[in-house]
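Novice: can't give you the sequence, but here's the structure:
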């Protein structure tokens with residue numbers, strides 16, 4: 001994780017974009033040692049994991065987390081954002097519409113641009129030009145999934161290999 005810490009330190013803190021993507025886990029990725037963190041979930045779609053990423057305004061990753069595929073986006077988001085320096089703007093999609101997360105960003109001095117889920121009575125307005133910047137995090141996932149090791153998860157444990165530290 002030293003690579004991401006270095007990127008976070010060098011990143012301009014004006015905008016952070018957060019999102020997640022599901023990746024399939026290979027059938028042999030399950031079944032590691034008991035008690036170890038596998039971050040592999042079982043659902044109707046099979047074995048999956050979810051990658052949660054925060055990218056900066058240049059589209060470079062500054063924080064990354066891996067959870068089981070059924071994990072909620074908004075459950076891991078506060079931990080990802082707390083570990084980073086405060087950004088002026090945090091942009092996310094409707095999956096992150098949670099008042100606790102919006103309050104957390106506001107308490108840290110930032111401004112959350114997260115659209116409200118459609119079933120809410122009171123709808124927040126989001127600046128369309130800022131919301132369009134989410135393409136940076138989507139392009140990051142597109143580039144990331146070109147790597148075979150990420151597109152289908154073959155590793156049994158969440159532990160990061162030594163060459164990525």
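Specialist: Everything's here; your move. All figures in this text were calculated on a predicted structure; none of them were measured in a lab. Numbering: from 1, shown residues only.

Novice: now the protein, which segments are flagged as low pLDDT?
Specialist: Applying pLDDT under 70 to the chain flags residues 1-12, 28-37, 156-157, 159-165.

Novice: those strands in it, which residues are they?
Specialist: In the chain, the segments counted as strands under DSSP state E are 15-25, 41-43, 46-56, 61-68, 89-91, 111-113, 152-153.

Novice: Tell me the helices and strands packed up against the shortest one.
Specialist: Going back to what we said before, that points to strand 152-153. Using 3 or more C-beta pairs under 8 Å, 6 or more residues apart in numbering; DSSP states H and E as the contact criterion, the elements in contact with strand 152-153 are strand 15-25. All C-beta atoms are positioned from the backbone trio N, CA, C, and that covers glycine.

Novice: What are the buried residues along the strand it packs on?
Specialist: Of the residues in strand 15-25, those buried by neighbour count under the rule 16 or more other C-beta atoms under 10 Å are 15, 16, 17, 18, 19, 20, 21, 23, 24, 25.

Novice: Could you check the angle it makes with strand 46-56?
Specialist: Inter-element angle recorded for strand 15-25 and strand 46-56: 160 degrees (by axes from the mean of the first three to the mean of the last three C-alpha atoms, to 10 degrees).

Novice: got the angle for strand 15-25 vs strand 61-68?
Specialist: Relative orientation of strand 15-25 versus strand 61-68 (the same axes, to 10 degrees): 40 degrees.

Novice: Great, nothing more from me.
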